[in-house]
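Novice: give me a 3D structure for the following:
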Amino acid sequence: MNTVVITGIAAVALIGITPATAQVAATDVAKPTAEAAPAAEAAPAAPALLPALAGPLAYSATPVSFDAGPFGKIYVNGVATGIARFQDHVVPGDNKSFADISNGQVIIQKVDGIFQFFVQAGVYSLPSLGVPYTRASRLNELTYGPVPQAFIKIAPTSAFSLQIGKLPTLIGAEYTFTFENMNIDRGLLWNLEPAVSKGVQANYGHGPFAFSLALTDGFYSSKYSTISGSVAYTINPANVLAFAASGNTKTTTKSTFATGGVLNNSQVYNLILTHTQGKLVLQPYIQYTHVDKLPFFGTTATDTIGGALLAKYQITPEFSLPARVEYLSTTGKPGGTGANFLYGTGSEAFSLTVTPTYQYKIFFARAELSYVKASHTTAGSVFGKLGNDRSQTRGLIEAGVMF
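Specialist: Sure, this is the predicted structure:
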């Protein structure tokens, strides 16, 4: 099974990059449109800084930079945000309400020339639907450390680049950190995707196509046996279609907080469409996950299929309304031996999230209301003190500065 999957990934990767990869390759393939004003009449554009943003949040239009002599221009930006959450049907170990730091990060990068680099350092939390919250003070040591993403980038031409380091994933339509996304909590589908991986990645852009191929450690396992690839095709200025795939070439047994043992052996496939029409952005995507029988973990082969629609409407220059709806199902019978990707083998879940957002210059504030409803669950595996409540409602607030 792995041979077939990896062959398919390699074929796809020869022509690919996903929206998530835009944060490491967008500047390689950017081209002015036919309708663009002459350069002499246009104001200087802000550089494409990383990590990438899905919006509506944005960095300062005048980023801080300094001249590093022979190294060229270096950009410095940062994010300082706090979060508060209220929820019902709390699971043991979580809290009904709390406040925490969601981001306290500084980002240093060089975005032009043959030699480029990116370093993101600080504290962060990774709130996500349907799972307990881990405070930022503990998350560094449990996941990606005080430098969650950092890489060097060698770009000998405007079309080709090579990156080495701690890389953002090629998989999925949502990014890792709260400020990058339309919503505060990441979704149910994101819970099944790798977020940060160590390894090497090649990117190539040609015309309307963008391509990536990566060899990494998957779910941060330090076992360099995962191959991922992606392709994005810009159909027209309003529509971009992307396909991505990732799979482990061998069975690994590592299992930690950051490295889900079963997930690190899984294969993940995405089909993502991004449609932009005036003030409206629509992003539907489909995700399929498969994992073979894993005797070490005592699980039989399992599949998941899910779909999501992410949407954002820019009501005014300062105020926007993002929303997300998702559905995820898993195979197997409740209480069976299949891998538990959700709330027990064979379980299903639906989610709805709305996140009204306000940003003025570098300051922003947003509120969020989300609802998760599960079905076909295994007793003790869902929400509430005993794990038998099948729904959870959350309210969140996040505010801070991005510069």
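Novice: so which residue is dead centre in this structure?
Specialist: Nearest to the mean C-alpha position of the chain, by C-alpha atoms, centre = their mean, lies residue 175 at 2.3 Å.
Novice: would you double-check that it falls in a helix?
Specialist: No - looking at residue 175 with DSSP: H, G, I helix; E, B strand; the rest coil, it is coil, so not inside a helix.
Novice: how much space separates it from residue 207?
Specialist: Noted for residue 175: a distance of 26 Å to residue 207, by C-beta to C-beta, to the nearest Å. Every residue, glycine included, has its C-beta placed from N, CA and C.
Novice: low-confidence stretches in the chain?
Specialist: Across the chain, residues meeting the criterion (pLDDT under 70) sit at 1-46.
Novice: would you list every one of the helices in it?
Specialist: 2-13, 22-29, 136-142 (DSSP state H).
Novice: check which residues of the shortest one are buried.
Specialist: Pointing back at helix 136-142 there. For helix 136-142, burial by neighbour count (16 or more other C-beta atoms under 10 Å) applies to 136, 139, 140.
Novice: report all helices and strands that it contacts.
Specialist: Counting contacts by 3 or more C-beta pairs under 8 Å, 6 or more residues apart in numbering; DSSP states H and E, helix 136-142 packs against strand 97-110, strand 115-124.
Novice: what is the residue lying closest to residue 367 once chain neighbours are set aside paired to in the beta sheet?
Specialist: In space, and not counting its chain neighbours, residue 367 is closest to residue 397: 5.3 Å by C-beta to C-beta, 6 or more residues apart in numbering. On the basis of DSSP bridges, residue 397 is bridged to residue 84, residue 367.
Novice: residues near residue 397, how many?
Specialist: When counting by other C-beta atoms under 10 Å, one arrives at 15 neighbours for residue 397.
Novice: the stretch 101-250 of the chain: strands as residue ranges?
Specialist: Using DSSP state E, counting those that start in this stretch, the strands found in the stretch 101-250 of the chain span residues 115-124, 149-154, 160-168, 196-206, 209-216, 226-236, 239-248.
Novice: take the ones you listed and lay them out in a markdown table including mean neighbour count and distance to residue 264.
Specialist: Converted to a markdown table, those look like this (neighbours: other C-beta atoms under 10 Å; distance: least, C-beta to C-beta, whole Å):
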| stretch | mean neighbour count | distance to residue 264 |
| --- | --- | --- |
| strand 115-124 | 19 | 21 |
| strand 149-154 | 20 | 19 |
| strand 160-168 | 21 | 16 |
| strand 196-206 | 20 | 10 |
| strand 209-216 | 23 | 11 |
| strand 226-236 | 22 | 8 |
| strand 239-248 | 23 | 6 |
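Novice: would TSV of the helices and strands packed on helix 136-142 with distance to residue 213 be doable?
Specialist: Formatted as TSV, the helices and strands packed on helix 136-142 follow (distance: least, C-beta to C-beta, whole Å):
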stretch	distance to residue 213
strand 97-110	23
strand 115-124	19
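Novice: can you tell which of those is closest to residue 181?
Specialist: Nearest of these to residue 181, taken as C-beta to C-beta: strand 97-110 at 11.4 Å.
Novice: that closest one packs against which elements?
Specialist: If you count contacts as 3+ C-beta pairs under 8 Å, 6+ apart, strand 97-110 packs onto strand 73-87, strand 115-124, helix 136-142, strand 391-402.
Novice: could you export the strands of the stretch 101-250 of the chain to TSV, including columns for distance to residue 363?
Specialist: Putting the strands of the stretch 101-250 of the chain into TSV (distance: least, C-beta to C-beta, whole Å) gives the following:
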stretch	distance to residue 363
strand 115-124	19
strand 149-154	24
strand 160-168	26
strand 196-206	28
strand 209-216	33
strand 226-236	32
strand 239-248	30
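Novice: so for residue 303, which of the ones you listed sits nearest?
Specialist: Closest approach to residue 303 among those (C-beta to C-beta): strand 239-248, 13.5 Å.
Novice: now the angle between strand 196-206 and the closest one, please.
Specialist: Per axes from the mean of the first three to the mean of the last three C-alpha atoms, to 10 degrees, the angle that strand 239-248 makes with strand 196-206 is 140 degrees.
Novice: so what strands line up beside strand 239-248?
Specialist: Next to strand 239-248 in the sheet, as set by DSSP bridges, lie strand 226-236 (antiparallel), strand 267-277 (antiparallel).
Novice: what angle do it and strand 209-216 make?
Specialist: Angle, strand 239-248 to strand 209-216, by the same axes, to 10 degrees: 20 degrees.
Novice: how far off centre is strand 239-248?
Specialist: Distance of strand 239-248 from the chain centroid (C-alpha atoms, centre = their mean, to the nearest Å) equals 13 Å.
Novice: pull the CA atoms of it into CSV?
Specialist: Extracted in CSV, the C-alpha atoms of strand 239-248 (Å, rounded to 0.1, in the frame of the first residue of the first chain):
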residue,chain,number,x,y,z
ASN,A,239,-9.9,30.6,-8.7
VAL,A,240,-7.0,28.5,-7.5
LEU,A,241,-7.3,24.6,-7.4
ALA,A,242,-4.8,22.6,-5.3
PHE,A,243,-4.1,19.0,-4.6
ALA,A,244,-1.8,17.7,-1.9
ALA,A,245,-0.8,14.3,-0.5
SER,A,246,1.5,13.0,2.2
GLY,A,247,2.4,9.5,3.4
ASN,A,248,5.0,7.7,5.4
